[in-house]
Every structure is written in structure tokens, then in C-alpha cells.
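> What follows is a predicted protein model with its sequence.
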Amino acid sequence: MTDENQYTLKEMMAIAAAREIRDGDIVFCGTGISMLAAMAAKHISAPNSIIFFETGAIDSQLTEVPMAVGDSRVMNGAAVNGSLADAFATMQNRITGGQVVGILGAAQIDCFGNLNSTVIGDYDHPRVRFSGSGGAADVGSFVSRTIIFMQQQRRKFVPVLDYFTCPGWIDGPDGRKQAGLTGGGPEMVVTDMALMGFDDITRRMYLKGCYPGIEPEQVLDNMGFGIDISRAEPVPGPSETELVILRERCDPQGLILTNRRRPPAG
Amino acid sequence: MTDENQYTLKEMMAIAAAREIRDGDIVFCGTGISMLAAMAAKHISAPNSIIFFETGAIDSQLTEVPMAVGDSRVMNGAAVNGSLADAFATMQNRITGGQVVGILGAAQIDCFGNLNSTVIGDYDHPRVRFSGSGGAADVGSFVSRTIIFMQQQRRKFVPVLDYFTCPGWIDGPDGRKQAGLTGGGPEMVVTDMALMGFDDITRRMYLKGCYPGIEPEQVLDNMGFGIDISRAEPVPGPSETELVILRERCDPQGLILTNRRRPPAG
Amino acid sequence: MNTSSDKVIGLAEAIDTFVVDGAHISIGGFTINRNPMAAVYEIIRQKKTGLHLYAHSNGQGADELIGAGCVARLEIAYAGSGRFAPTCIRFKKAVEAGRIQVEDYSNYHMTLRFTAGAMGVPFLPTRSGLGTDIVNKWGFSEEMRRGDSRLPDRKLHVIDNPFNGWADTAKVVLVPAINPDVTIIHVQKADPQGTTRIDGLPFADVVQAKAARHLIVTCEELASPGSLREDADRNQIPFFCVDAVVHLPFGAYPTACYRVYDYDPVFLNRYREQAETESSYRAYLEEMIYGTCDHAELIEQIGKDRIRAIAADPDTGYAVGLDRR
Amino acid sequence: MNTSSDKVIGLAEAIDTFVVDGAHISIGGFTINRNPMAAVYEIIRQKKTGLHLYAHSNGQGADELIGAGCVARLEIAYAGSGRFAPTCIRFKKAVEAGRIQVEDYSNYHMTLRFTAGAMGVPFLPTRSGLGTDIVNKWGFSEEMRRGDSRLPDRKLHVIDNPFNGWADTAKVVLVPAINPDVTIIHVQKADPQGTTRIDGLPFADVVQAKAARHLIVTCEELASPGSLREDADRNQIPFFCVDAVVHLPFGAYPTACYRVYDYDPVFLNRYREQAETESSYRAYLEEMIYGTCDHAELIEQIGKDRIRAIAADPDTGYAVGLDRR
């Protein structure tokens, strides 16, 4: 029997994101925890949500967790195997793109939910180089809602991004419109301590709630900028059902949930 | 036995065009006689020429003559069934487009090989309306060589087109470059009396040669503008082999060669 | 977007719901192949008017909609039905009589315009048509465009290549996106959720489908749920693009449906003849379209012999040896 | 254009002929799937240098070319191999050490750039990246661009929508076409003439192939002449785009080839570990690449057990239950 008092923060993160997925959403997934969140949502609360990858697979019926969005597993039971061009057009097209929720991650985030996944330091002579945008800039530009996974660390929640890879709310209420973007933007940040939302008016990040056992001050201590914590409400921990589904149906091999591996240097 | 002294002008036209197709050419075909010319070329002198339709079928192995470029017969034995977008991209792409020879027809032609297949009279209040460009404007804009079928009639060879549908050499040597087009242009006009070429320098139409029994003056009498006839050389009539192939292998039902039908009004 | 897993409805309801008078529509197919003819005839029976039709080379389907008086405005590249009618006859008469407004494009222009709509961009570039009247002469005036928010403010733009000659290109034509209110296509197979499979040439159906605000798919075969997923490589249109699935055997008749049936030369030749005069055309409409309550009745009226004659050969996908004179 | 009906040659000859030092190249596949790895290793064995690599998310293939010192300049959207290396390690080290010049795009930007090349237009428009540093920061300076006729004069242009808000769009980014000197893809099937069939997701292979001046296709199975024509709907690349066909079983190993084999987690994990230091990476290169004369020998060295372990399950197309930790 699974003990719901015993869960990892990674499990909490996957479940917190899964709870945000609505039935009928087209869920753009990246590699790793975002796939688990999408898989869990389909099994729990959003059976008609559609798992969708930038590589072109539509409505994958995942039975094994893919190790990359190019993994052959993303084709399992798909309705259509399209191309990269098809996948991004589905998001840029407002008729379908309006139904897409994108799940993203990054190396840095600012208070408007803009992301850096490219470099730390100067672009021409970076101190640390990351993978780069991939499809993130496209998703952030096109879709109606994004959910962002982040580690709750001061060096990751920064006042100014070293490199601006993926648009969130840009610089506030009119930021996206001024830039030429429309539609929605970041809806929630899911960290290993808490959930953040973005204010409907100012588009600034605020604390939505902390996980069981975490205090708002701990969250603030692990951020490079201040946010409103007055609206925080407790986030319930994973239910037994949520945990069983996540562990046994989504990642029985523990490929994502159990990090047996030394993290890459840098 | 086929008597090579007994042939129709339509047969002569199909064979004259077929002779211009080189082995390895990608042959863009329209409906009707252009398909016959391409089919005949494959059986006679250009076995590795590739029959290609704007509808997306590549290297069709035609066994029955299609009644339209959308006819299911164009898919017979094709290497690839692509889309309209793929077909036109093949021509606009200079790497592949440089190998395409387009076969076109029209209601009017001018001395630079520009074509009208849209209206007679004013565009807003036309006296006669035709089908419109279809893919002709695209082919004329993109490919390296075109062959044009025309009826030898004064009202069809005109000094000024009523509507300029498809670019030939535009207004002379620099016409295409000035317009923003590159590559080649019209190479030959095949009529029911003669063959015309276009001068390498001036890009004006000239008489390449008349069919057996036709004199250059007869051709001029059936044109609305004068052309150089000094370079005309006799065009040999169809050989027995050419005729047998055309009649028995390309159009045994006589769908194109035998016009049993009242022509459409107008 | 319709998220239902069962979108199967009847044709009359689908047309009544999505094709309102004055709607901007596009239909799939090419000349005499895979036109959604049952849907075209239902539009005619329901006497829809004022339609704005976007067509590349939609041949028979476009001509019948125009002939029956459903179409007010037309953006088109080619109105012909191949050897059956090098210029579609009712189209020709309607234009010459000034009964419809027309604007001309090339086939690639129209394909790119649907592609732009499907991609969610305002335009796409091409070199096609530079120097021609397709670029220089507009069918719809700037004034007319200003008064209609559903039309772009210009037919097109010719611009210098902003990348200074990159790709050996000095100038390009920008053609504006089309996003029809509704697109109707006829395909070989769809499942109740809307996943769609076209066999053979897709023509421009896929981009027409994805560009549209609403999509009606009529299909020869209604596939069982999940069955099309066994070969996802062959499916072109995701179910979330589809609003209505209509099971319609012979839905492309009298045009062809690759691997199922050929076009009917008897019908198309007779149509051409009857289209020539107002009275014979009226008789055609009364007998074949208004005189039949639906497509099944029309097919029944055609009779088993003719339907049998056009059955597709399993190897080639068309009726080998069919008398097509 | 190669009009021959038999384009089958050996890999060493294909690489030697088409991948010259300094060539602009692109490779097919995505992260850990269908990278043309045999061709990548042959490029490394032939010690090609100064390559200009265009990549969207070419993961393992890109990282190995960079690690072995073949690449001078890189235009890329994403350098990661999924969970095996969220950031490709040799890429990361090369950039941080300033050993290669990099310019960043998004995946859609790169896809559109190949698409523009395939279509024969100088650019395509998108809204992606507006307001970001992908638009504002260039990896290649204007000065560098001026000195190289094989680069466009700008990274991109942001322009106001010339159709005044049509399609609800105020601005677009124009991204310039890519026409690589050579593209290399690995596919499930090709015939000797070059007709090419990809099973499963094609990624961006088809536009990469059509954009290139020369195209090398490596294939798991060399189909008999004509056999692929029996199902032309499944073929994506016409033979006239292809310059060389190389029959290369396991040509994507250690990345996956859908329906034939999975990626090899043992290889990819070991690669990640060995890539961490200069000496262990050098040892990897000496042992696995320089130490094998061709891909067949590399596969032999991997051994039957590991090859058997990654064999694709016929129903799913991957190795069900494979230990991927």
C-alpha cells in the first residue's frame, strides 16, 4: 500500500501540474516531469485531454514514459503522426492553439514568467551553456496557457534573465501585445516548494500556495525577487489515488521519479 | 498498319512536343494533349523523363489517359503522392525546378510567349471568361523551360493580351529579371501548323518550322503579329513508330486525339 | 473546437448548422476528384445564398454551387472540370452575366493562402505571378475590402526581398491567409471522433481543413473508434480540427473517390450539355437536385448499373477500361 | 540532380564525395531518434573539419560531430538528448570554451527555415520569438555575414504585418531560408533510385531533404526497384531529390529507428559519462569510432546481446520493457 504521507517533492510537482490540466486540453509536453504530469492528468481528472509533442505525435497513448520527445514511445496509439511543422502550426493557429496548454521548464525565470534556457553569463561568451529554446519559445509565443516547472532556488528566480529565451508576460499587462504576441501566457509555476500564479492585472508572479510543511518565508528565501504572499493557500499533498497512478501507471520503472543518476555537470 | 501519311494535326502537335522532352526532364503536364505528349516522350525518346502533375503525383506510370490532372489515373504507379503545396514547391525550388519543363496552353499568346487564360475583354466585365490560371502562372514563374500549345489563329496570337495570366519572357531580354523572376522561359510554341521558338537575344517569337504541306505565309496569315520566318526549317511529320505509340499506347480510346464532342460554347 | 468523441451527425443538420447564408466556405477535392458533392447538393437543396467561396481548382463542386445561385463571391485559381468542361459552364455564364464577383489567383497562391491560414500567419511569400495581371488586377476593390472585416485590406503585396537577394530572389508576392468559416471535405475514412484518413493525393484538403473555423468531414467509411490509430502515419487531420463527421457513401459522386469509385462520365457529360442553356440547366436542377430528397436518393436514381460501372478496381483505384467518351 | 536509376553507393564514398571540409550540412532525426549516426561516425572517421551545421533538435548526432571537432559553426534550436543528457555535453563544453560559434533559434524557426529552403523562397514568417533574445541577440555578427556569401545578411527581420492586422497579427518575424550543401537522413526504406519512405514521425527530415543541394539517404532496408510504388502515399521524398542511397542496417544506432530498433540506453549512458572529461571522451572516440573501420564493425563490437535487447516490438515499434535506466 502506498503511504500518502511519504512522497517526494518531484511527485508533488507532477501531481500539482496534473491538477491544472482540464478535460479537453491539448497538452504540449516536453521531456521528463511534464510528460508524467500529462500522463497523470489523463488517468485522474482529464481523461479527454490530449497529449501532444512538438515532434508531431497527436494524442499519444503513453504506456511507457518516453525519454525524449523524439522517443518512438510518443507514437504509441497516436491519432496522427505529423511533422514538426504540423505540430508548431497547431499551436500558432489560433483555432487549435487556443486549446493548448504548454508545460515548460527553464534555467531561469523572472517575475513575469519569462524564461531562460540558453546561457548564464554573456551570450557571446557564456559561463554556462544550456540546451537552448527547443520548442519553448514557440510554445510561449503561441499558446493560451503555460505551466512552468522550476527548482525553487535563488539563482533560478532572478530579477533579470541572462538571456530571454521564451516569452511569458514580457514586462507586464501590455507586454505581449506590445511585442506582437496575443493570447494568454504563464498561468502557474510549479516548484519543489510551492505554486505561483500571475496576477490578472499586473501579470506579476504571486504565491498561490505552499506544499504541506513549507512556509511562505522559505519560498521567499529561495527567490531572487520578492512576490506577494498574501494570497497563499495551502496546497494539499498528493492523495493516495494520485500517488498510485503516478508511480504505478505513469513511471513504474522510476525513470523520471527516481533520479538514480548523477546530474550533468554545470 | 498505320499509314504515316495519314495523321491528324493534333497527332502532329503531340509528337512535336514529345520530341522536345529530354531524358531526365521532369515534365509538368496539364490536361489533354500535354499529357499525351509526355506519355509519348516516355515511350519514344525520353524513357527516364518524369511525368509530374500539380496535384502532387510524381512519376506517374500512365496506362490510361487522365481526363484531368485530378483524375485518379495520375496516381497509377507514382513514386510519391504529394500535395498541391509539394508539387508547386518542387517547381519553385531551383534545385528541382531547374529540371522541370512545363507544358502549357492558353486562349491568347503574345510575341514574348506571355499567356492569357483568364478573360477576353475587360477583367471586370469580361466578354468571354475562361478557366483562369490554374497552375499556369506558377509554372511560368518558376520553371526553366515551357512548351506552349496554341491553335494557329489570328485572335489567339495577339499584339496585346486582354489579361496577362502567365509570364513568358514578359517584355524582352530583361523582362523576367526586372519582374523579379529568374530562370528560363518559353522555349517553343506548338500550333496546328508550325513550331515557333524564341530568339536567344531578343526573346521574340520566330518561326522554327512548318509542318509538312504548310508554308510560312499561311502561318503569318493566322497570327495577329509578325514574326521572323527566315530561320524556318521543315518539321518532319510523325514517323510510323511515333504514330503507333501515340495511338495505341497513349490514347487507345481516342479520348484526346478524337474529339467526338461539340466544343464548349464561347 | 469540438472535444466530443462522437461527432457523427446527419448531412442536413451539418449543413444547416455550419453553412449559414453569407458564410465564407471552401470545399476539398480537385476538378473531378473527391469534391464533397453530397454536401454541395445539400447546400443547394437548402437554398443557401450569398456564400463567399474560396477555391483553387474545385471544378465540379464549385460550378454546381455557382450554377444554383448559392455563391455571391468567388476567389479562384481555375474553374474547369478537365476534359468534361475545360471551362466550367455555369461559372462562365455567371461571370459573363455579372452574377458573381470573382477575384483570380494561381493554384499555388490559393494553396499558400490556405497554408497561411492553417499555420496561423497573416501571409506567405512566393515568386509566382510577378509581372502578371494576377498581381496587378484585383477583382475586389480596396473600397469593397474596407467595408468587409472578413477580407484582407489588399489582394496582395509585392515587396523587395528584405534579405537582399538571399536565395537568389529580388522580389516576392505576399498572399494573405484564408480562414474560411467552414471547410467541407470528402474522404475515404474517418472515425466518430474525427480522425481523418485520405487515400491517394490529398490535394489541398489538409490545409483547407486546418485553416477553417469549422470543419465538416464526409466519409465513405465510418471507421470504428480507435481503428485508424493502428496506422497513424496514414491519417492527416487530427480529430480536434473536426466539428462534424457525416457518414456518406458515394459522397463525392459524380466526381471520383480514389480506391472506391471513379467519376461518372455519363453524369458529367450530361451535366455539361444541360448546363448550356438556362432552361435545360433548370431542368437538371429540378430533376437531379431539388427532385431528390438526399444523396442516397440521387444515387438510387442513377441506378445500380452506372454505379457498378464506376466501381474502383482494387489494384489501380479507378475503373479500368471505363468508357469515358 | 542525379537522374540515375541506381544511386546505391558505399557510405565512405558518399561522405567523401558530398561532405567536403567547410560544407554546410544538416542531419535528420530528433534527439535520440533516427539520427544518421553511421554517417556521423564516418564523417568523424574521415576527420572532416570546418563544417557549418544546421540543427533543430539533432541531439546525439550533433553532439558527436561537435565533440569530434568537425563543426566550426552551428545554428541550432536545442542541443539535448532527452533524459540521457538534458544539455548535450560535448556541445556545452565546446560553446563554453569558445571552440564553436553558435547562433540560437527556436525549433519552429529552424523548421520554417528548412521549409523556406525546400519551397524555394527566401524567408517565411512567424510570430514565434517576438520580444525575446532569440530575435534580439545574434550569434553571427553583421560583419561576419557580410564576408560570407553562404549566410543571409541578417539573422532575421521583424516587420509590421503589411496586411494591417489581418489574421489578428501586428508583427511577424521573418526567418531566412536554409539551403544546405548536403543533408543526410536515415530512413527505414529507400529504393535504388532514391524514393524514400519514413515510418512514423518524419520530424523535419522531409524539408531538410528538399532544401539541400545534395541529399544522402541511408536506409535500413534497400527496397527492390518499384516495390515502394505499390503504396505511394507512404513515400515522402521523390527520387529526383536524392544523390546517394546507402544501404546501412543499424544506421541510426545508438539512436532509435522506429519499427526496427530502439535507442541503446547502455551506449547513451556510457557516452554521457565518457563525454564528461577530455581524456575519457578521447578514449571513447579512439575505441568506438576511430577504432572501428566502419559501422558494421561498431555494431559487431556492441555485440549481439545488446543489439537483440533493443530490437523493436512489431506492435509498438520500440523495445517494450527495455531497461532504460
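Received it, and whenever you're ready, just let me know what you need.
> Return the alpha-carbon coordinates of stretch C:141-153 using CSV.
Extracted in CSV, the C-alpha atoms of stretch C:141-153 (Å, rounded to 0.1, in the frame of the first residue of the first chain):
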residue,chain,number,x,y,z
SER,C,141,-11.7,46.8,-54.9
GLU,C,142,-9.9,48.5,-52.0
GLU,C,143,-13.2,50.1,-51.2
MET,C,144,-15.1,46.9,-51.0
ARG,C,145,-12.3,45.4,-48.8
ARG,C,146,-12.5,48.3,-46.4
GLY,C,147,-16.2,47.6,-45.9
ASP,C,148,-15.7,44.0,-45.0
SER,C,149,-13.8,42.9,-42.0
ARG,C,150,-13.7,39.3,-43.3
LEU,C,151,-11.5,40.4,-46.3
PRO,C,152,-7.8,41.4,-46.1
ASP,C,153,-7.3,45.1,-46.9
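> hmm, that stretch touching chain D?
Yes. Stretch C:141-153 reaches chain D (Cβ under 8 Å from any Cβ of the partner chain) through C:Pro152, C:Asp153. C-beta coordinates here come from the backbone N, C-alpha and C atoms, glycine included.
> Contacts for that stretch, please.
Residues outside stretch C:141-153 that contact it (Cβ atoms under 8 Å, 6 or more residues apart in numbering or on different chains) are C:His24, C:His52, C:Pro122, C:Phe140, C:Arg154, C:Pro176, C:Ala177, D:Phe163, D:Asn164, D:Trp166.
> What about the first one, how many residues nearby?
In this case it means C:His24. Using other Cβ atoms under 10 Å in any protein chain shown, C:His24 is surrounded by 20 other residues.
> and it, how far is that from C:Gly117?
To C:Gly117, C:His24 is 11 Å away according to Cβ to Cβ, to the nearest Å.
> tell me the contacts of the closest residue to chain D within the stretch 1-150 of chain C?
Residue nearest to chain D within the stretch 1-150 of chain C: C:Pro122 (4.0 Å; Cβ to the nearest Cβ). Residues near C:Pro122 by Cβ under 8 Å, 6+ apart: C:Ala116, C:Pro152, C:Pro176, C:Ala177, D:Pro125, D:Asn161, D:Phe163, D:Trp166, D:Ala167, D:Thr169, D:Val172.
> same thing but 10 Å
C:116, C:152, C:174, C:176-177, D:125, D:127, D:161-172 (Cβ atoms under 10 Å, 6 or more residues apart in numbering or on different chains).
> Which positions in the stretch 201-325 of chain C make contact with chain D?
C:Leu201, C:Pro202, C:Glu230, C:Asp231, C:Ala232, C:Asp233, C:Arg234, C:Gln236, C:Tyr258, C:Asp315 (Cβ under 10 Å from any Cβ of the partner chain).
> Any regions of the chain where pLDDT drops low?
Defaulting to chain A. Where chain A drops to pLDDT under 70, the residues are A:1-5, A:259-266.
> I was after chain C.
For chain C, the ranges with pLDDT under 70 are C:1.
> mind giving me the domain split of it?
With domains defined by automatic domain parsing, chain C comprises C:11-122+C:179-309, C:126-176.
> so which of those gets nearest B:Ile15?
When the domains of chain C are compared by Cβ to Cβ, domain C:11-122+C:179-309 sits nearest B:Ile15, at 19.9 Å.
> Need the residues of the stretch 201-325 of chain C next to chain D in CSV (columns: secondary structure, distance to B:Pro212 and neighbour count).
Shown next, in CSV, are these (DSSP: H, G, I helix; E, B strand; the rest coil; distance: Cβ to Cβ, whole Å; neighbours: other Cβ atoms under 10 Å in any protein chain shown):
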residue, secondary structure, distance to B:Pro212, neighbour count
C:Leu201, coil, 40, 29
C:Pro202, coil, 46, 28
C:Glu230, helix, 61, 10
C:Asp231, helix, 57, 11
C:Ala232, helix, 59, 24
C:Asp233, helix, 54, 20
C:Arg234, helix, 53, 16
C:Gln236, strand, 52, 21
C:Tyr258, coil, 42, 25
C:Asp315, coil, 42, 9
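> Farthest pair within these?
So, these by Cβ to Cβ: farthest apart are C:Ala232 and C:Asp315, at 25.5 Å.
> Run through the helices of chain C in chain order.
C:11-18, C:37-45, C:59-67, C:89-96, C:107-119, C:133-136, C:142-146, C:205-211, C:265-274, C:278-284, C:295-302, C:304-309 (DSSP state H).
> Kindly reformat these as TSV containing distance to D:Asp191 and mean neighbour count.
Listed next are the helices of chain C as TSV, based on distance: least, Cβ to Cβ, whole Å; neighbours: other Cβ atoms under 10 Å in any protein chain shown:
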stretch	distance to D:Asp191	mean neighbour count
helix C:11-18	42	19
helix C:37-45	37	26
helix C:59-67	34	28
helix C:89-96	42	24
helix C:107-119	28	29
helix C:133-136	39	22
helix C:142-146	50	11
helix C:205-211	26	28
helix C:265-274	35	19
helix C:278-284	48	14
helix C:295-302	41	16
helix C:304-309	36	12
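> And those: which comes nearest D:Val246?
Closest to D:Val246 of those, according to Cβ to Cβ: helix C:205-211, at 31.8 Å.
> Tell me if that closest one is near chain A.
Yes. Among the residues of helix C:205-211, C:Val206, C:Val207, C:Lys210, C:Ala211 lie within reach of chain A under Cβ under 10 Å from any Cβ.
> And the helices of chain C: which comes nearest A:Ser141?
helix C:107-119 (13.1 Å).
> Show me how far that closest one is from its chain's centre.
A distance of 14 Å separates the centroid of the chain from that of helix C:107-119, by Cα atoms, centre = their mean, to the nearest Å.
> same question, stretch C:8-19
16 Å.
> and stretch A:47-64, is it in reach of chain B?
No. Contact of stretch A:47-64 with chain B (Cβ under 10 Å from any Cβ) is absent, the minimum separation being 16.1 Å.
> got the CA coordinates for that stretch in CSV?
The C-alpha trace of stretch A:47-64 is given here as CSV (Å, rounded to 0.1, in the frame of the first residue of the first chain):
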residue,chain,number,x,y,z
PRO,A,47,-9.4,11.7,-19.4
ASN,A,48,-10.1,13.6,-22.7
SER,A,49,-7.0,15.7,-22.5
ILE,A,50,-4.8,15.2,-25.5
ILE,A,51,-1.0,14.6,-25.1
PHE,A,52,0.8,16.4,-27.9
PHE,A,53,4.5,16.6,-28.7
GLU,A,54,6.4,19.1,-30.8
THR,A,55,7.8,16.1,-32.8
GLY,A,56,4.3,15.7,-34.3
ALA,A,57,2.6,12.9,-32.4
ILE,A,58,-1.0,13.7,-31.5
ASP,A,59,-3.0,12.1,-28.6
SER,A,60,-0.3,9.6,-27.8
GLN,A,61,-1.5,6.8,-25.6
LEU,A,62,1.7,6.5,-23.5
THR,A,63,2.2,3.2,-21.8
GLU,A,64,6.0,3.7,-21.2
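> Okay, buried residues for it please.
By neighbour count on 16 or more other Cβ atoms under 10 Å in any protein chain shown, the buried set for stretch A:47-64 is A:49-60, A:62, A:64.
> intersection of neighbour lists for C:His24 and C:Gly117?
Residues touching both C:His24 and C:Gly117 by Cβ under 10 Å, 6+ apart: C:Tyr54, C:Ile178, C:Asn179, C:Pro180, C:Thr183, C:Ala212, C:Arg213.
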